[in-house]
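S.K.: one predicted model, sequence on top.
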Amino acid sequence: MKTNHDIAGWLEDGGHRLDVRVYFEDTDFSGVVYHARYLHFLERGRSDFLRLKGIGHRELAAGAFGAPMAFAVRRMEIDFLRPARIDDVLTVTTRTRQLGGARILLDQAIRRGEELLVEADVKVAVISPEGKPMRMPAPVLEVLARDLDDAGSPARQ
């Protein structure tokens, strides 16, 4: 049975899964997903991962976890392995690889069924409303650390 949270995907195995459909607006003239659209799918995955963890962007900006803050992508390395096409249903996965006081390293992937289409290594920085680097508030760090083992690696369930 589907729940209201299905629109934001679901948490599983220390990470997050989000299904997205490829629409005409996501493709180029040939019906293949335009490379920049994958960034949108990955962003949705990261945002919904945080949302389902109880860490919404509005709450972060309002200082609900301590000082007002935001997450900003600092670096992203992407491998485009196979194309997606119009009407495909893709699954975006997001997993925390490592946490630091002012950054998060994430592993993201986009699959069509079992077929790996895109892999991304993402470095996210914690910033103040003025855009300056800052330390992650302890309550946010605690929520995100639940998916990691004592060595800072993704926890196996």
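M.R.: Thanks, I have the structure now.
S.K.: so for stretch 97-113, what's the average pLDDT?
M.R.: Across stretch 97-113, the average pLDDT comes to 96.
S.K.: hmm, I was thinking of stretch 6-14
M.R.: Here the average pLDDT along stretch 6-14 is 87.
S.K.: quick one: that stretch to chain centroid distance?
M.R.: Distance, stretch centre to chain centre, for stretch 6-14: 11 Å (CA atoms, centre = their mean, to the nearest Å).
S.K.: convert that stretch to PDB, retaining C-alpha atoms only.
M.R.: Taking Å, rounded to 0.1, in the frame of the first residue of the first chain, the C-alpha atoms of stretch 6-14 are listed here in PDB:
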ATOM      1  CA  ASP A   6       6.100   7.600  -1.400                       C
ATOM      2  CA  ILE A   7       6.300  10.900  -3.400                       C
ATOM      3  CA  ALA A   8       9.500  11.500  -1.400                       C
ATOM      4  CA  GLY A   9      10.800   7.900  -1.900                       C
ATOM      5  CA  TRP A  10      11.700   5.800   1.100                       C
ATOM      6  CA  LEU A  11      14.500   5.100   3.500                       C
ATOM      7  CA  GLU A  12      16.200   1.700   3.300                       C
ATOM      8  CA  ASP A  13      19.500   0.000   4.200                       C
ATOM      9  CA  GLY A  14      21.100   3.200   5.500                       C
END
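S.K.: looking at it, Ser47 is touching His57, isn't it?
M.R.: Yes - the criterion here is CB atoms under 8 Å, and Ser47 meets it with His57 at 6.7 Å. No exception for glycine: its C-beta is placed from N, CA and C like everyone else's.
S.K.: more neighbours: these two, which one.
M.R.: Ranked by neighbour count (other CB atoms under 10 Å), Ser47 and His57 place Ser47 first, with 18 against 12.
S.K.: what does whichever strand or helix holds that one contact?
M.R.: Secondary structure assignment for Ser47, by DSSP states H and E: helix 37-52. Identification of contacts with helix 37-52 by CB atoms under 8 Å, 6 or more residues apart in numbering yields 5, 8-11, 15-16, 18, 20, 26-27, 56-57, 71, 76, 78, 80, 90, 92-94, 106, 108, 110, 118, 120, 122, 124.
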